[in-house]
Structure formats: structure tokens, C-alpha cells
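> let's see this in three dimensions:
(one chain, ligands or ions: 2)
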Amino acid sequence: MADLKLTDVRKTFGAVDVIKGVDLDIRAGEFIVFVGPSGCGKSTLLRLIAGLEEITGGTFTIDGQVVNGLPPAKRGIAMVFQSYALYPHMTVYENMAFGMKLAKAGKDDVDRRVRRAAEMLQLTQYLDRLPKQLSGGQRQRVAIGRAITRDPKVFLFDEPLSNLDAALRVATRIEIARLHESMPTTTMIYVTHDQVEAMTLADRIVVLNGGRVEQVGTPMELYHHPDNLFVAGFIGSPA
Ligand code: ADP
Ligand code: MG
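Ligands and ions are numbered 1, 2, ... in the order given. Next up is the predicted model:
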């Protein structure tokens, strides 16, 4: 379980303010989607939560504990990127087991977790293949499976479907929705600039603009009651 709380979180690169004071309360098990135009800070905010970048102002807590300086491996957070960086010379099984072996998990434990993740993502029959013998969608599922095996409290996705063609995008989106249902206590934060993904996946959507939060709400709240024209334009409501 992991409740996340961001309080006036800021990030500057040199003299450039990229994240300009973000407050967010995310409950354990929620599926949160960050949307906003290119360059508004979605990936940066995700990287701050993952610990891949250090925040330059404000506070970030997980379950009430300040984790501002905590390294990524100690946060219980796993991240899936847009380009699935699989090891080309390793099988699907080895790719999924690799992180856990580094963490010195026992062989039986590794095996159990890999097979469970493979089952969840319908990859069982592909465990002996190499990445080049898979479709793009299957490869992305392996990347997700690799994250699942680490049993994260929080799952971060940065535009995981953007390199897939339209049909695979829909199929993988449905897979991610099922994953959320099968991991009801795992908090998920998902970045996209695709309104359909946001509307169909999110418990709540966070609309970002220029490093700030414009509005937070359920898809229906944002659709029917956008706070301003920017949100209306982005969510696609007629307001
Ligand atoms: P998004 O994911 O919403 O497209 P990003 O978080 O990638 O946006 O980037 C937000 C802004 O921060 C952009 O203007 C980008 O150029 C800037 N930025 C991101 N990372 C760095 C960095 N390491 N150094 C300098 N500027 C950065
Ligand atoms: Mg981005």
C-alpha cells in the first residue's frame, strides 16, 4: 500500500523552472493519469516521483514518510518507459528475472514471480523467446512484466503505448486496465497525451500545464465541469 503526497514540489534545471509548485494527494490503489501538452512537465514529475531526478523544492512523502532524497531502488516504485529497453541477448524469462536476481532473490521466488507475471500478461508461451522474436506489443508487455516481478507498491508508466500501432495500443491498454484490477492495492501513475487513454484508464486525471496542475478530478468531473477553457480543450468537452 502506498499513499503519495506531493506538497509544493518544484524542479528547476539550471535557471529554468520546469515544475512550479505541484500539490497532489494520491491514495493507495488509485489509477492516476497525468495529461497535458508536450513539454508541460509530465515526464519530469514522474521522474521526481521515481527518484530519478531530485526535487529542488517542496516535499514528497510515501505513506507519510519524507522520501525526497531516497534513491529509486528504495522507494518500492517501478517505472515502464515509452521505449521498452529489453536486453536483446536474453530470453523473455531472463529479461523478467534479471532485476530480481540483482536484488538477490532466491531462485524459487524468482521463478514463481516470473511465471505469475507472465500469466497476468499472457506471455507464458513466449518465455523462451528473444525480444526480436516478439511483436512490439509483446515486448512492451515483457517490460511491464519485468516491473511486476519486482512487486512494486507504485507503478509508473511514461507513455507506454506511444510506440505501438493503433490496434496494439488498444489491446495493450486493455491489458493495463486488467493489470490495475488484478493489483488493487498498487498505485499506478500513467502519463499520456492521449485523451482516450486518459478517459478510459483513470480513476482521476491530473491536467498539467506549464509545470502546474490545472485541475484534478475523475474523467466525468473534468468532462462535465472543467475549471477553465484549457481543461475543456484538453479533455475534449464542449464547454
Ligand atoms: P513532457 O513529458 O510533458 O513532454 P518533460 O517533463 O519531458 O515534458 O519536459 C518539461 C520541460 O523540462 C521541457 O521544457 C524540457 O525541455 C525541460 N527539461 C526536461 N528535462 C530536462 C533536463 N534534464 N535539463 C533541462 N531541461 C529539461
Ligand atoms: Mg514526456
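> by mean pLDDT, which helix or strand of the protein comes out lowest?
helix 92-102 (a mean of 84; mean pLDDT, DSSP states H and E).
> only the buried residues of stretch 106-117, if you could.
110, 113-115, 117 (16 or more other CB atoms under 10 Å). Just so you know, the C-beta spots here come from the backbone N, C-alpha and C atoms, and that holds for glycine as well.
> let me know the closest of those residues to ligand 1.
Using CB to the nearest ligand atom, residue 117 comes nearest to ligand 1 of the buried residues of stretch 106-117, at 27.0 Å.
> so which strand or helix has that closest one?
helix 107-120 (DSSP states H and E).
> now do stretch 63-70: everything it contacts.
Contacting residues not belonging to stretch 63-70 are listed as 1-3, 5, 51, 54-55, 59-61, 75 [CB atoms under 8 Å, 6 or more residues apart in numbering].
> mind doing that once more with 10 Å?
1-5, 7, 9, 28, 48-49, 51, 54-55, 57-62, 74-77, 153 (CB atoms under 10 Å, 6 or more residues apart in numbering).
> and the buried ones among the residues you listed, selectable in PyMOL?
Selection command for PyMOL covering only the buried members of the contacts of stretch 63-70, criterion 16+ other CB under 10 Å:
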select buried, resi 2+3+4+5+9+28+48+49+51+55+58+60+62+75+76+77+153
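> tell me where the protein has strands.
For the chain, the strands defined by DSSP state E cover 4-13, 16-26, 31-35, 57-62, 65-66, 77-80, 154-158, 187-191, 204-209, 212-217.
> between these, which gets the lowest average pLDDT?
Lowest mean pLDDT within the strands of the chain: strand 77-80, at a mean of 88.
> which strands and helices sit next to it?
Judged by 3 or more CB pairs under 10 Å, 6 or more residues apart in numbering; DSSP states H and E, the packing partners of strand 77-80 are helix 42-50, helix 136-149, strand 154-158, strand 187-191.
> and that strand, C-alpha only, in CSV?
Written as CSV, here are the backbone C-alpha positions of strand 77-80 (Å, rounded to 0.1, in the frame of the first residue of the first chain):
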residue,chain,number,x,y,z
ILE,A,77,8.5,2.1,-7.3
ALA,A,78,8.8,0.6,-10.7
MET,A,79,8.7,2.6,-14.0
VAL,A,80,7.8,1.5,-17.5
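> which other residues reach that strand?
Contacts of strand 77-80 with the rest of the structure, by CB under 10 Å, 6+ apart, involve 2, 4, 46-47, 49-52, 62, 67, 70, 72, 99, 140, 143-160, 176, 186-187, 189-190.
> enumerate every residue touching the residue lying closest to residue 51 once chain neighbours are set aside.
With CB to CB, 6 or more residues apart in numbering as the criterion, residue 51 has its nearest non-adjacent residue at 4.1 Å, and that residue is residue 72. Neighbouring residues of residue 72 by CB under 10 Å, 6+ apart: 47, 49-52, 78-79.
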